[in-house]
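> Here is a sequence together with a model predicted from it:
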Amino acid sequence: MLSLAYAFDSALVSASPAAPHRRLLGWSALILLHLARRPAAHVFENPANDCGVIDQGDDLHRRAALGTKLDDPFTLALSLYFASAVAQMLGDVALAAARAESSMQIATEHDLAQPRAWSMGVAGWCRVVNGDVPQGLALARQAVASMQAIQSRHLMTYLMGLLAHACFRAGDEAGAMKVVEDAIAMAEATGERFYDAELFRLRGNLLRNPAIGRGDESAASFRAAIEVARRQGAKTLEQRVIESLRQVDR
């Protein structure tokens, strides 16, 4: 089966400048369909392979360079965003940042509200991880606020998960907990569940934090994270939960 990680970056180059853009738009639609249905099983079904596909150095940069020759800003911004999201989930911060910043720039230049907000969330998370916590947190907050301003909840659970992590890194455990619990509630209401395992894992980590003081509830949250990950076939997310549990036992 074609990995979703490969599909994201293939979306950048599935049409040449002389070819119709329908094919590229079709890739974007396929990506959206995967996310709406059962994405984690495809993104994480084979973590080692996905990491290899998404991190091919010069070849990946060549494919991205070809993608920038397209004159369809919406599709290019969308494809770059999805590539950044996969890289973020697989832990490739450098690639996630590069794709997110490119998507955000294109979306801003062409006034594309949703791709701009989505890529802004990934860019903010990357900056936090890279040590620029104030700027990264500000971007993550702005991403969620921008989606709320246009009354859209598409991919909001993912953006809220990124914001929760940013809040946690900034030392705002209470704020992170509120965002996580709001995201879990939104996933229940909307059915957008592709990030559920990570949300429950984040919740478990926060519950056992002394600032929250609800460590007795963390085991149930970790169990929920593992159950979701296994149900979706999300091996990488399952391993993240297992690692969090190991840290609890130390």
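Noted; the coordinates are in hand.

> Could you find the closest non-adjacent residue to the residue nearest in space to the middle of the chain?
Nearest to the geometric centre of the chain sits Ala85, at 3.9 Å (Cα atoms, centre = their mean). Leaving aside its sequence neighbours, Ala85 sits nearest to Val122 (Cβ to Cβ, 6 or more residues apart in numbering; 6.0 Å). Bear in mind the C-beta positions are built from the backbone N, C-alpha and C, glycine included.

> Give me the neighbour count for the one you found.
31 (other Cβ atoms under 10 Å).

> Now it: which helix or strand?
Following DSSP states H and E, one finds Val122 within helix 113-129.

> Now the helix or strand just after that helix: buried residues?
Per DSSP H and E, the first helix or strand lying C-terminal to helix 113-129 is helix 133-149. Neighbour counts using 16 or more other Cβ atoms under 10 Å place Val133, Gly136, Leu137, Ala138, Leu139, Ala140, Arg141, Gln142, Ala143, Val144, Ser146, Met147 of helix 133-149 among the buried residues.

> List the buried residues in stretch 212-227.
Result for stretch 212-227 [16+ other Cβ under 10 Å]: buried residues Ile212, Ser218, Ser221, Phe222, Ala224, Ala225, Ile226.

> Okay, and which of those map to strands?
In strands, judged by DSSP state E, none of these are found.

> coming back round to it: hang on, the residue nearest to the centre of the chain packs against Gly161?
No - using Cβ atoms under 8 Å, Ala85 and Gly161 do not qualify as a contacting pair, with a distance of 11.1 Å.

> how does this structure divide into domains?
Using automatic domain parsing, the domain parsing of the chain gives 1-111, 196-250.

> Compare these and say which comes out lowest on pLDDT.
Lowest mean pLDDT within those: domain 1-111, at a mean of 61.

> Could you measure from Ala234 over to Ser103?
In this view, Ala234 and Ser103 are 24 Å apart by Cβ to Cβ, to the nearest Å.

> and if you look at Ala140?
Taking Cβ to Cβ, one finds Ala140 at 15 Å from Ser103.

> And the residue nearest to the centre of the chain, which helix or strand is it part of?
In this structure, Ala85 sits in helix 73-89 according to DSSP H and E.

> then stretch 155-173 to CSV, C-alphas only?
Below are the C-alpha coordinates for stretch 155-173, written out as CSV (Å, rounded to 0.1, in the frame of the first residue of the first chain):
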residue,chain,number,x,y,z
LEU,A,155,-8.1,19.6,11.4
MET,A,156,-8.6,21.6,14.6
THR,A,157,-7.9,18.6,16.9
TYR,A,158,-4.4,18.4,15.4
LEU,A,159,-3.8,22.1,15.7
MET,A,160,-5.0,22.0,19.3
GLY,A,161,-2.7,19.1,20.1
LEU,A,162,0.2,21.1,18.7
LEU,A,163,-0.9,24.1,20.8
ALA,A,164,-1.1,21.9,23.9
HIS,A,165,2.4,20.7,23.5
ALA,A,166,3.6,24.3,23.0
CYS,A,167,1.9,25.4,26.2
PHE,A,168,3.4,22.5,28.1
ARG,A,169,6.9,23.4,26.8
ALA,A,170,6.3,27.0,27.8
GLY,A,171,5.5,25.9,31.4
ASP,A,172,1.8,26.5,31.2
GLU,A,173,0.6,23.0,32.3
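
> ok so, going back, which ones are touching the residue nearest to Ala85?
Tyr81, Ser84, Ala85, Gln88, Ala96, Ala97, Arg99, Ala100, Leu162 (Cβ atoms under 8 Å, 6 or more residues apart in numbering).
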